[in-house]
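1. whatever this is, show me its structure:
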Amino acid sequence: MKSTRVLSVLVVAGSLSLASCASPAEPTAFADEAPSSALVAGDGLLGTSIGSGLLACNPLPYATDSTVIGPAGGSLTVGPHTLTVPAGALATPVLITAEAPVGTVNSVRFGPEGLQFAAGRPATLTLSYANCPLLGSLLPKRIAYTSDLLSILSYVVSVDDLLHRRVSGSLEHFSRYAVAW
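-> Have a look, this model is predicted:
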């Protein structure tokens, strides 16, 4: 009986989400950027971004951090997101910067732009989506490598941790990354 009720709620939620897709869409944008071509269907129950594949979430506060990471490796936390660089990934110490802009998409920009890690020694990025709608969180997530305007350029091989509502992936280089479905 209880599983029938849960299934009914999911069917209704899915129907409402599809209905919200038919309503006029609003462009998503970060506070410091021009609107991108990604469209979000209002405050849909699934919180999914239409057309772009990026997960729409409640905005997080702006966060930034920096640290020097060298051959011994290290980590950097920006807001609820974490970058871990393994030992041997960098030949010399590098000032690593991270910025998590305010917006409806959880994303992080890393610098120095284009920094490459040693072959076979990728960094691991873990992005939280705990601030995203629950039903949207049930979709399998992955990390997308994006442009500054949040156009998806490619996807990172990712592992979705549904229990802790975070997704992790291996980075070969620095740029901007976001939570996608």
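2. wait, residue 57 sits on residue 104?
-> Yes. Counting by CB atoms under 8 Å, residue 104 is a contact partner of residue 57 at 6.1 Å. Where you see a C-beta, it was placed from the backbone N, CA and C, and this is true even at glycine.
3. per-residue confidence at residue 48?
-> pLDDT for residue 48: 44.
4. now swap in the one 10 residues further on and tell me
-> pLDDT, the model's per-residue confidence, is 93 for residue 58.
5. swap in residue 114?
-> 88.
6. neighbours of it, how many?
-> For residue 114, the count of nearby residues is 9 (other CB atoms under 10 Å).
7. and the one 4 residues further on, by the same measure?
-> For residue 118, the tally of surrounding residues (other CB under 10 Å) stands at 13.
8. do the same with residue 87
-> By other CB under 10 Å, 11 other residues sit near residue 87.
9. same question for the one 10 residues further on.
-> By other CB under 10 Å, the residues close to residue 97 number 17.
10. ok, the closest residue in space to residue 59 that isn't next to it in sequence to residue 86 distance?
-> Spatial nearest neighbour of residue 59, excluding adjacent residues (CB to CB, 6 or more residues apart in numbering): residue 102 at 5.2 Å. Distance, residue 102 to residue 86, using CB to CB, to the nearest Å: 30 Å.
11. and for residue 78?
-> Computed with CB to CB, the distance linking residue 78 and residue 86 is 18 Å.
12. just list the residues touching residue 141, thanks.
-> When contacts are counted by CB atoms under 8 Å, 6 or more residues apart in numbering, residue 141 is found next to 55, 129, 158, 160, 167, 179, 180, 181.
13. which one's more surrounded, residue 102 and residue 86?
-> Between residue 102 and residue 86, counted using other CB under 10 Å, residue 86 has the larger neighbour count: 18 against 12.
14. wait, that one sits on residue 123?
-> Yes. Counting by CB under 8 Å, residue 86 touches residue 123, with 7.2 Å between them.
15. circling back: and the residue nearest to residue 59, helix, strand or coil?
-> coil (DSSP: H, G, I helix; E, B strand; the rest coil).
16. wait, it touches residue 64, no?
-> No. Judged on CB under 8 Å, residue 102 makes no contact with residue 64 at a distance of 11.3 Å.
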